[in-house]
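1. Have a look at this prediction, sequence included:
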Amino acid sequence: QVQLVESGGGLVQAGGSLRLSCAASGRTFIWHPVGWFRRAPGKDREFVAGISWSSSGTSYADFVKGRFTISKDNTRNTVDLQMNSLRPEDTAVYYCAVGPRLGGASGDQESFDSWGQGTQVTVSS
């Protein structure tokens, strides 16, 4: 059973940057896609960014395009989310999740079978 641990969250002013990292144990990311999702207070969890198993494909929610970048490091077995130009509306708990073997950069939450506990990101205005 894979265990995912997110890190890098915190408090930042609007316009600032944070880099989230998702580390896996019990399973390598090499053959699996990984996604980042978030849940803001009072809202449903939503897709943020995804990367395919081979890292050849990425996908982003419209509200983060041009600001966030997802990357995969198979050597470190981590997937990072670089977040720039942060806005107060980006405040949420951010989760990473692992998808099926050889999967693509999907935003379909139902296709992800392992989830981390989340890391809080708070953006002040």
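-> Looks like it arrived, so ask away. Residues are numbered from 1 along each chain as shown.
2. only C-alpha atoms for contact and neighbour calcs from this point on.
-> OK.
3. can you tell me how far the spatially most central residue of the chain sits from Thr58?
-> With distances taken as C-alpha atoms, centre = their mean, the residue of the chain nearest its centroid is Trp36 (2.3 Å). Distance of Trp36 to Thr58, given as C-alpha to C-alpha, to the nearest Å: 11 Å.
4. Now the common contact residues for the two.
-> Listed as contacting both Trp36 and Thr58 by C-alpha atoms under 8 Å, 6 or more residues apart in numbering are 49-50.
5. who are the neighbours in contact with Ser21?
-> So Ser21 contacts 6-8, 78-81 (C-alpha under 8 Å, 6+ apart).
6. can you rerun that using 6 Å?
-> Residues near Ser21 by C-alpha atoms under 6 Å, 6 or more residues apart in numbering: 6-7, 79-80.
7. Which strand or helix spans it?
-> Using DSSP states H and E, Ser21 falls within strand 18-25.
8. continuing past that strand, what's the next helix or strand?
-> Heading C-terminal from strand 18-25 (DSSP H and E), you reach strand 34-39.
9. what about that next one, distance to the chain center?
-> Between the centre of strand 34-39 and the centre of its chain there are 4 Å (C-alpha atoms, centre = their mean, to the nearest Å).
10. For it, which strands pair with it and how are they oriented?
-> Paired strands of strand 34-39, with direction, are strand 46-51 (antiparallel), strand 92-98 (antiparallel) (DSSP bridges).
11. could you give the angle of it to strand 18-25?
-> Going by axes from the mean of the first three to the mean of the last three C-alpha atoms, to 10 degrees, strand 34-39 is angled at 120 degrees with respect to strand 18-25.
12. Quick one: residues contacting Gly99.
-> Taking C-alpha under 6 Å, 6+ apart, we find Gly99 in contact with 32-34, 111-112.
13. That one: what's its closest spatial neighbour, skipping adjacent residues?
-> Once flanking residues are discounted, Gly99 sits nearest to Phe112: 4.2 Å by C-alpha to C-alpha, 6 or more residues apart in numbering.
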